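Peer 1: Model the following, please.
(chains A and B)
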Amino acid sequence: AQRVTQPEKLLSVFKGAPVELKCNYSYSGSPELFWYVQYSRQRLQLLLRHISRESIKGFTADLNKGETSFHLKKPFAQEEDSAMYYCALQGGSEKLVFGKGTKLTVNP
Amino acid sequence: DAGVIQSPRHEVTEMGQEVTLRCKPISGHNSLFWYRQTMMRGLELLIYFNNNVPIDDSGMPEDRFSAKMPNASFSTLKIQPSEPRDSAVYFCASRRTGGETQYFGPGTRLLVL
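Peer 2: Next comes the predicted model:
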């Protein structure tokens, strides 16, 4: 079975502080992993995917197959990063399985 | 391209009424997905189509829900009869076969009283 776990429903940090949003997954094969972001009342949009290994808006995520994790990190959080973040896994089909999301609040 | 288009953006209805949500995928995208988002359950995949054919409807909650894709540029999700527990935001997404990601519409916020 494919499963994505985001253990924190809410995460609050101060501007300029480092932030890490946790994501663990369960899948027997080689997954494709994604982070999606949803700003207040806007549509979901792709933030980054592990295959591209790029940094978007200062965020990075490394796939750790040993720990089955794909944590999202940013060294210095900004107020505009406040949003809902979803980790998602794509296994052998086109289906995306999403975690329940983490609401990040960056305080001034 | 305007992206994935959904209508209506907001829907308020009474229990027992039929609700129809509409989606227009991005032109050229072969796959279309319907999701439901609630506070309790997060984002759940309801059904997805590939080349207008339903591939996986295991997420459809019950027989009250049905989805169609009569052509490559239009899909509907129907709830009949609607119940208060159906209140949620319903997202449609599309993806080009072999493409890197799904593109989401703005969602339809449904409230069933």
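Peer 1: so where is chain B shaky, pLDDT-wise?
Peer 2: The model of chain B has pLDDT under 70 over residues B:1.
Peer 1: How many residues are close by whatever residue of it ends up closest to chain A?
Peer 2: Closest to chain A within chain B is B:Gly42: 3.6 Å, counting by C-beta to the nearest C-beta. For the C-beta atoms, the positions are set from N, CA and C on the backbone; glycine is no exception. Counted with other C-beta atoms under 10 Å in any protein chain shown, residues neighbouring B:Gly42 total 18.
Peer 1: how about the closest residue to it other than its chain neighbours, phi and psi?
Peer 2: Nearest non-adjacent residue to B:Gly42, counting by C-beta to C-beta, 6 or more residues apart in numbering or on different chains: A:Lys100, 3.6 Å away. Backbone dihedrals for A:Lys100, given as degrees, to the nearest 10, come out at phi -80, psi 0.
Peer 1: quick one: whichever residue of chain A sits closest to chain B from A:Ala77, how far?
Peer 2: Ranking the residues of chain A by distance to chain B (C-beta to the nearest C-beta) places A:Lys100 first, at 3.6 Å. Per C-beta to C-beta, to the nearest Å, A:Lys100 is found 21 Å from A:Ala77.
Peer 1: between those two, which one's more packed in?
Peer 2: Neighbours per residue (other C-beta under 10 Å) separate A:Lys100 from A:Ala77, with A:Ala77 holding more: 22 against 19.
Peer 1: Who are the contact partners of that one?
Peer 2: A:13-19, A:104, A:106 (C-beta atoms under 8 Å, 6 or more residues apart in numbering or on different chains).
Peer 1: Mind doing that once more with 10 Å?
Peer 2: A:11, A:13-19, A:58-59, A:104-107 (C-beta atoms under 10 Å, 6 or more residues apart in numbering or on different chains).
Peer 1: Could you confirm A:Ala17 falls within a strand?
Peer 2: No. Using DSSP: H, G, I helix; E, B strand; the rest coil, the assignment for A:Ala17 is coil, not a strand.
Peer 1: residue boundaries of the helices in chain B?
Peer 2: Assigned by DSSP state H, chain B shows no helices.
Peer 1: which one in it is furthest away from the centre?
Peer 2: Farthest-out residue of chain B from its mean C-alpha position, per C-alpha atoms, centre = their mean: B:Gly98, at 21.3 Å.
Peer 1: where's it relative to B:Asn50, distance?
Peer 2: Relative to B:Asn50, and taking C-beta to C-beta, B:Gly98 is found at 12 Å.
Peer 1: Could you check how far the residue farthest from the centre of chain B is from B:Pro25?
Peer 2: 15 Å.
Peer 1: what does B:Ser7 give?
Peer 2: 13 Å.
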